[in-house]
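**Student:** Predicted model and sequence below, questions to follow.
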Amino acid sequence: MGTVENTFQTDRKALAERLKGILPAHCLLVDDEDLRPYECDGLTAYRELPLAVCLPETEAQVVDILWTCHQLGVPVVARGAGTGLSGGAMPHAQGVVLSMARFNKILRVDRAARLAVVQPGVRNLAVSEAAAPFGLYYAPDPSSQIACTLGGNVAENSGGVHCLKYGLTVHNILRIRVVSIEGEIFEIGSEAPDAPGYDLLALLIGSEGMLGVVTEVTVKLVPKPALAQVVMASFDQVGKAGEAVAAIIAAGIIPAGLEMMDQPATAAVEPYVKAGYDLDAAAILLCESDGTPEEVAEEISRVTAVLTAAGARDIRVSQSEAERLRFWAGRKAAFPAVGRITPDYYCMDGTIPRKRLAEMLAAIAAMEKKYGLRCANVFHAGDGNLHPLIMYDAAQPGEWTRAEAFGAEILELSVRLGGSITGEHGVGIEKINQMCVQYKTRELEVFHRIKAAFDERGLLNPGKAVPSLHRCAEYGQMHVHHGELKFPELERF
Amino acid sequence: MRLSDLVAVIVEAAANKEPLRIRAGGSKDFYGGMLAGKLFDVSAHRGIVAYEPTELYVTARCGTPLVEIEAALAERGQMLAFEPPHFGRATLGGCVAAGLAGPRRQQAGGVRDFVLGVKLVDGCGLVHDFGGQVMKNVAGYDVSRLLAGSLGTLGVLAEVTLKVLPQPRAEQTLRFDMDEGAALAVLNEWGGQPLPISASFWSTGQLWLRLSGAQAAVASAVARLADQFGGQTVDGEKHWISVREQTHSAFAGASLWRLALPTTSPALGLEGLSAIEWGGGLRWYAGDAVPAAVLRERAGQAGGHAVLYRAPESQRCLEDAFAPLAPPLLALHRRLKKSFDPQGILNPGRLYAEF
Ligand SMILES: Cc1cc2nc3c(=O)[nH]c(=O)nc-3n(C[C@H](O)[C@H](O)[C@H](O)COP(=O)(O)OP(=O)(O)OC[C@H]3O[C@@H](n4cnc5c(N)ncnc54)[C@H](O)[C@@H]3O)c2cc1C
Ligand SMILES: Cc1cc2nc3c(=O)[nH]c(=O)nc-3n(C[C@H](O)[C@H](O)[C@H](O)COP(=O)(O)OP(=O)(O)OC[C@H]3O[C@@H](n4cnc5c(N)ncnc54)[C@H](O)[C@@H]3O)c2cc1C
């Protein structure tokens, strides 16, 4: 993992000359020391220096940069805030990083139409802040929302705590403006409920910067609920907490948020945030209800009844906004809290059917022994999206390799349990090999053909998200159906 | 009818370059471009494959009638939240391929918002699994949702997994007397407030509004709206079915146009506008007093598009059903079509005359 097959050879000087003709000096970085801050995203284990970083300020510059790179055959990696956790924005050694950081304007907030038109470099939280005076907000709320950008959210189809009830990015975007690698501008979607033709919005959202560069995003805003309250329940067995999650759904309740933390996770965060978590519990559940005061009261009483029946050992309901935020503070701070008790951690992102939660957690416990590494679990229990945090020390020889193998095993088990190798962080460079486990050769071929329909020369973010069949063969996961195999000319390992 | 039977038909048609016209219930023969190709009836590939109420999904084969799926869901207090029309005998595959949603669309989302996974037989007869049965899955391009509304031009949706939701605990309908402009204004105003509106329908001076959700929330919203805007509570059940199934008199007429617009676009002032749904986002125009080109232009100027939804054959063979695509988008559509169906044998012309 962590390597990109390279078939590109770029003339660095010629490239820099061409880019200088497009961008003013303050928008172009070419010296190694200036490039250094861009060598990785949130997944710091994988690093690469690009040949140049472009920081365009206008769409016309984006068009020129892409057209030029297309002409010269130079790879381009778009970048938002670089908070991605799968190495999606890791640069290409022979290519350019196209940072959209300066596209940071909110162009329009339309109260009546309940939408906002924003540039891709606008931070997720800034959209909700701009909408707040109108009683509206943007629903998808990744934990990284103070930093991550809408462009990155679109590319990753990001999710968050609210997504169980309010949907993922794909459910909350109305229109995007995209520049193709050939420098052509597309408008996809519309402010109307649908647009003619194929649903290309669905295809572009979550495409990890492989199909085009997003230069404008129109998002849906939703009315801010009058009230939110959270129920915190603790359980003496992880399996019971998992069953409680299923019981809530079975009772016909879709909470505004349904999150779970296991004991290692609560133990890590409690000294840090003093949220009042039950440290003797094997797992705690946080279940939020939002809506009108009547609605919330009704839902909270039903949730409480279900949790009691499911065997919760303790249940607490937030009695004030301050308390609600304190209950959430631990969940929100889980990553940095774990970061304090271990030199390094590796955050995974598999999805499984909810009913397999207990099984998965038991398997992870066994893997902790197998790899000699600890793991804390925090996750979006409502939609079965796990975030195991594997703790390691990069300074200890072999520990990163073990952490990587531990992570790979979790992802592969996710697929076997009927889930996916990524629920929200994307494949990037990190999970590229596990794509060979989740998909058969045929589907991967379709992905390659879709890619070619948008980017025939494969210049946008090469080596990410969709593995080459060659790579799968190397990983030993090439699926052969009825003895037939496409591309028989390729060498097998 | 097994999956292998579907595959066999397509493999043979691909070998002979023989166009196929995919059909199940035939409930939407009226919709889209002119029908062409040899009839390929997939209605016998049917049956619910998996239904997990606590995982919120149902997987069924394409020919399964919607009524069968909805009956199974209702037993567990769940529903297809996008409220698809049945038009008598709609099947799951046709429902997803046509991408048509019903009254609850504005609040709950459209068909594509509920698609989690598909088993697709492409134009070469190859079977693909895209997506899956979990709520969150961002591995690979989201081909499953791309297929919603693709009208069978990219492949046969052999099996589909949909997200399901609990039925609302309470539901109440209000009726107001209001002209078109006033209805559009209040719908946009209410849409920005935390009100549990689950459907809206305006026609001939009356606005119907459905509220769904928790008992207490519905009751307080009904009291407030009735008090402030003079709405009357009415028994809405039959009404919403007549809207979903388009048996309401507003949908009658020789030809029917569907205009998808931003909810805030003002009244278009078209002679013959017959109904407004989805909080103002969907407007129906029944009749032929206004020329097609004018309707298309007005919808486009308002930021939306117009579909010739239902029309006599004499008109359908002259007029494209869907609004034309911008040239770069059309080129992209062609390339995508080619990558799924290189021989161009699946539902040719049903979406666009060009493929
Ligand atoms: C502490 C922490 C918590 C997180 N929590 C969550 C969470 O709860 N949910 C979640 O979903 N994610 C989460 N993430 C992951 C990450 O924040 C999201 O994936 C986010 O959407 C990335 O946005 P970004 O602007 O940082 O994008 P980047 O990391 O810069 O880029 C991500 C990908 O998007 C592409 N891209 C960026 N901008 C564009 C553009 N304009 N056009 C085309 N492609 C573009 C890049 O090429 C790259 O492939 C978390 C990350 C951290 C560090
Ligand atoms: C009449 C009245 C009575 C109220 N009574 C109560 C009460 O009894 N109990 C109570 O708790 N509050 C009560 N409140 C406060 C109410 O919750 C807030 O006014 C309102 O919900 C603000 O929304 P917010 O927290 O989402 O704001 P934001 O500013 O959007 O959120 C603040 C922070 O919380 C995070 N956050 C928001 N929602 C979630 C979520 N679902 N999951 C995780 N993190 C989240 C955000 O990311 C942000 O960091 C009451 C308010 C009113 C007006």
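**Tutor:** Arrived safely, thanks for sending. Ligands and ions are numbered 1, 2, ... in the order given.

**Student:** Can you show me the helices along the stretch 151-300 of chain B?
**Tutor:** Assigned by DSSP state H, counting those that start in this stretch, the helices in the stretch 151-300 of chain B fall at B:180-191, B:215-229, B:237-244, B:292-301.

**Student:** burial count for residue B:4?
**Tutor:** The tally of other residues near residue B:4 (other Cβ atoms under 10 Å in any protein chain shown) stands at 10. Where C-beta positions appear, they are placed from N, C-alpha and C, glycine not excepted.

**Student:** same thing with residue B:189?
**Tutor:** The burial count for residue B:189: 12, using other Cβ under 10 Å.

**Student:** Look up the closest residue to it, ignoring the ones flanking it.
**Tutor:** Beyond its immediate neighbours in the sequence, the residue positioned closest to residue B:189 (Cβ to Cβ, 6 or more residues apart in numbering or on different chains) is residue A:112, lying 7.7 Å away.

**Student:** Make sure the one you found is indeed in a strand.
**Tutor:** No - applying DSSP: H, G, I helix; E, B strand; the rest coil, one finds residue A:112 to be coil, outside a strand.

**Student:** For it, give me the pLDDT.
**Tutor:** Note for residue A:112: predicted pLDDT of 95.

**Student:** List the contacts of it.
**Tutor:** B:188-189, B:192, B:264 (Cβ atoms under 8 Å, 6 or more residues apart in numbering or on different chains).

**Student:** again with residue B:2
**Tutor:** residue B:45.

**Student:** The helix or strand hosting residue B:339 packs against which elements?
**Tutor:** Using DSSP states H and E, residue B:339 maps to helix B:327-340. In terms of contacts (3 or more Cβ pairs under 8 Å, 6 or more residues apart in numbering or on different chains; DSSP states H and E), helix B:327-340 is packed against strand A:185-189, helix A:441-454.

**Student:** Redo these as a markdown table? Include mean neighbour count and distance to residue A:460.
**Tutor:** A markdown table is the format used below for these (neighbours: other Cβ atoms under 10 Å in any protein chain shown; distance: least, Cβ to Cβ, whole Å):
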| stretch | mean neighbour count | distance to residue A:460 |
| --- | --- | --- |
| strand A:185-189 | 19 | 14 |
| helix A:441-454 | 20 | 8 |
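
**Student:** okay, those in JSON lines with mean pLDDT and distance to chain B next?
**Tutor:** Below are the helices and strands packed on helix B:327-340 laid out as JSON lines (pLDDT from 0 to 100; distance: least, Cβ to the nearest Cβ, whole Å):
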{"stretch": "strand A:185-189", "mean pLDDT": "96", "distance to chain B": "6"}
{"stretch": "helix A:441-454", "mean pLDDT": "96", "distance to chain B": "4"}
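
**Student:** Need those in TSV (columns: distance to ligand 2).
**Tutor:** Formatted as TSV, the helices and strands packed on helix B:327-340 follow (distance: least, Cβ to the nearest ligand atom, whole Å):
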stretch	distance to ligand 2
strand A:185-189	26
helix A:441-454	33
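
**Student:** Spell out which residues of chain A are next to ligand 2.
**Tutor:** By the rule Cβ under 6 Å from any ligand atom, the part of chain A lying against ligand 2 is A:141, A:161-162, A:227-229, A:256-257, A:288, A:318, A:320-321, A:324-325, A:328.

**Student:** List only buried entries from those residues.
**Tutor:** A:141, A:161-162, A:227-229, A:256-257, A:288, A:318, A:324, A:328 (16 or more other Cβ atoms under 10 Å in any protein chain shown).

**Student:** List just the nearest of these to residue B:123.
**Tutor:** Proximity of these to residue B:123 (Cβ to Cβ) peaks at residue A:162, which lies at 39.2 Å.

**Student:** Show the pLDDT at that closest one.
**Tutor:** 89.

**Student:** can you tell me the average pLDDT over stretch A:10-17?
**Tutor:** 96.

**Student:** What is the neighbour count of the residue of the stretch 251-355 of chain B found nearest ligand 2?
**Tutor:** Closest contact between the stretch 251-355 of chain B and ligand 2, by Cβ to the nearest ligand atom, is at residue B:279 (23.5 Å). Residues near residue B:279, counting by other Cβ under 10 Å, number 24.

**Student:** if we can go back for a sec, now do the phi/psi pair for the residue nearest to residue B:189.
**Tutor:** phi -60, psi -40 (degrees, to the nearest 10).

**Student:** Show me the strands in the stretch 1-150 of chain A, by range?
**Tutor:** A:28-29, A:52-54, A:76-79, A:96-99, A:106-110, A:115-118, A:136-137 (DSSP state E, counting those that start in this stretch).

**Student:** need the contact list for the residue lying closest to residue A:171 once chain neighbours are set aside.
**Tutor:** Leaving aside its chain neighbours, residue A:171 sits nearest to residue B:113 (5.3 Å; criterion: Cβ to Cβ, 6+ apart). Neighbouring residues of residue B:113 by Cβ under 8 Å, 6+ apart: A:167, A:170-171, B:82, B:145.

**Student:** Buried only: go through those residues for me.
**Tutor:** Listed as buried from the contacts of residue B:113 are A:167, A:170-171, B:82, B:145; burial here means 16+ other Cβ under 10 Å.

**Student:** I'd like those laid out as JSON lines, including distance to residue A:457, secondary structure and pLDDT.
**Tutor:** Formatted as JSON lines, these follow (distance: Cβ to Cβ, whole Å; DSSP: H, G, I helix; E, B strand; the rest coil; pLDDT from 0 to 100):
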{"residue": "A:167", "distance to residue A:457": "34", "secondary structure": "coil", "pLDDT": "95"}
{"residue": "A:170", "distance to residue A:457": "27", "secondary structure": "helix", "pLDDT": "97"}
{"residue": "A:171", "distance to residue A:457": "32", "secondary structure": "helix", "pLDDT": "97"}
{"residue": "B:82", "distance to residue A:457": "39", "secondary structure": "coil", "pLDDT": "98"}
{"residue": "B:145", "distance to residue A:457": "27", "secondary structure": "helix", "pLDDT": "98"}
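
**Student:** with these in mind, which one is nearest to ligand 1?
**Tutor:** residue A:170 (11.6 Å).

**Student:** what's the span of stretch B:322-333 from first residue to last?
**Tutor:** In stretch B:322-333, first residue to last residue: 14 Å (Cα to Cα, to the nearest Å).

**Student:** mind listing what's buried in that stretch?
**Tutor:** B:322-325, B:329, B:332-333.

**Student:** mind putting the residues you listed in JSON lines, pLDDT and distance to residue A:223 included?
**Tutor:** Shown next, in JSON lines, are those (pLDDT from 0 to 100; distance: Cβ to Cβ, whole Å):
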{"residue": "B:322", "pLDDT": "96", "distance to residue A:223": "32"}
{"residue": "B:323", "pLDDT": "95", "distance to residue A:223": "31"}
{"residue": "B:324", "pLDDT": "94", "distance to residue A:223": "36"}
{"residue": "B:325", "pLDDT": "95", "distance to residue A:223": "33"}
{"residue": "B:329", "pLDDT": "95", "distance to residue A:223": "33"}
{"residue": "B:332", "pLDDT": "96", "distance to residue A:223": "35"}
{"residue": "B:333", "pLDDT": "97", "distance to residue A:223": "35"}
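
**Student:** mind checking how far stretch B:230-241 is from the chain centre?
**Tutor:** How far stretch B:230-241 lies from its chain's middle: 23 Å, per Cα atoms, centre = their mean, to the nearest Å.
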